[in-house]
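[1] Just need the structure, nothing else, for what follows:
(one chain, ligands or ions: 1)
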Amino acid sequence: MRTVATATFRIPFTQASPVLDNRLPVSCRSVRLSSSNSRWKLRQGKDYFAREAKVQGLKSRAAFKLLEMDAKYRLFRKGQTVVDLGYAPGSWSQVAVERTKPHGRVVGIDLIPAQPPKGVSTIQGNFLSPVVQNMVKDYLAEFVPRRVTTGRDAEISEDDEPVVTERPSYIDAERAESIDSHHEASLNDGKLVDVVLSDMSAPWDQTSGFSSKTLSNPYNRMMNTSGMNFRDHAGSMDLCLAALKFASDTLRAGGHFVCKFYQGSEDKDLELKLKKMFGKVHREKPDSSRNESKEAFFVALRRRGDVTLGDIWN
Ligand SMILES: C[S@@+](CC[C@H](N)C(=O)[O-])C[C@H]1O[C@@H](n2cnc3c(N)ncnc32)[C@H](O)[C@@H]1O
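    Model prediction:
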């Protein structure tokens, strides 16, 4: 698998951009009023994270949201399998490739066609469709090698803190390992994914610029909120629930789940569901997420292997 050429990403935690000048030149002011597209471009130009993404070769400023969450919760490890739902244009996938190399696997799914970032396998389709979800599962079953899990060995990485325990006898250790690995194998049956990410949000319908759209620069079709809070909230709940169902089928015990949502009346219910399936659940609003946006993220850590969808849906 190919890997991203960019070295390490820097995470700016403080919004160091200078105070923006409201007194724009007349030409800019007229552009500002002309179309939402131009407004978006103008805002991106002034945005610290958007500029920094360009400098660091990241596909979009969204990368910094995931980098912040990873810095706080250590979501990734070397060699993991990551599924990135709504990956386009691909900055989260870039982060996942970087953090899981070498030997990591990143699979991205998106509605719209986009150039996959280096090292990422992608599927184009509507993730709300069961056909597309099955396609992703088939892809994983075919291309992700089953991890040979011997007791706790497979979970230990060099990042883990050393744990000092009393050594059991050889026979006890063999017996415990066999029980552990059988139990774990049955819990992880068909579950091949270590981290499920979802940054999905419904793209705007494209109304202009059809002739100038390219695969490598699809971003302005992905400006993602309708401006109607309830519609954005309800749409994001559907996408999060689809992502959670998928995670329930594919995420290994101990795996992590991150999903974007637009805050509203139903997010508490989603949080309760997540709390039943994961050891710890955090609500996050990263510094790089725009203040004026109602977007936020659930970071759900350590999937409980014995909890199924039936247990959390009441
Ligand atoms: C904010 S963008 C994701 C940005 C991405 N995380 C990055 O870092 O580059 C949201 C993406 O979700 C995708 N999306 C929305 N609904 C979807 C669905 N039902 N199935 C697949 N992708 C979807 C959109 O096409 C869009 O590309």
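[2] hey, where'd the strands end up in the stretch 1-150 of the chain?
    For the stretch 1-150 of the chain, strands defined by DSSP state E, counting those that start in this stretch occupy the ranges 81-85, 105-110, 120-124.
[3] Present those strands as TSV; the columns should include mean neighbour count and distance to Ile312.
    C-beta coordinates here come from the backbone N, C-alpha and C atoms, glycine included. As requested, the strands of the stretch 1-150 of the chain are arranged in TSV below (neighbours: other Cβ atoms under 10 Å; distance: least, Cβ to Cβ, whole Å):
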stretch	mean neighbour count	distance to Ile312
strand 81-85	27	19
strand 105-110	26	23
strand 120-124	17	26
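[4] of all these, which lies closest to Cys259?
    Nearest to Cys259 among the strands of the stretch 1-150 of the chain is strand 81-85 (8.1 Å), distances taken as Cβ to Cβ.
[5] can you pull the contacts of whichever residue of the stretch 151-300 of the chain sits closest to the ligand?
    Of all residues in the stretch 151-300 of the chain, Asp199 sits closest to the ligand, at 3.4 Å by Cβ to the nearest ligand atom. Taking Cβ atoms under 8 Å, 6 or more residues apart in numbering as the contact definition, Asp199 lies against 62, 65-66, 84-87, 92, 259-260.
[6] Out of the residues you listed, which comes closest to the ligand?
    Gly86 (2.6 Å).
[7] Give me the neighbour count for the closest one.
    Residues contacting Gly86 under the criterion other Cβ atoms under 10 Å number 25.
[8] can you offset everything so residue one is 31?
    Okay, residue one is now 31; in that scheme the one you just asked about reads as Gly116.
[9] I'd say it and Gly265 touch.
    No: counting by Cβ atoms under 8 Å, Gly116 stays clear of Gly265, with 11.9 Å between them.
[10] Return every residue with contacts to both of those two.
    Common neighbours of Gly116 and Gly265 (criterion: Cβ under 8 Å, 6+ apart): Ser231.
[11] For the stretch 181-330 of the chain, which segments count as helices?
    Taking DSSP state H, counting those that start in this stretch to define them, one finds helices in the stretch 181-330 of the chain at 200-217, 259-280, 297-307.
[12] Perfect, I'm done here.
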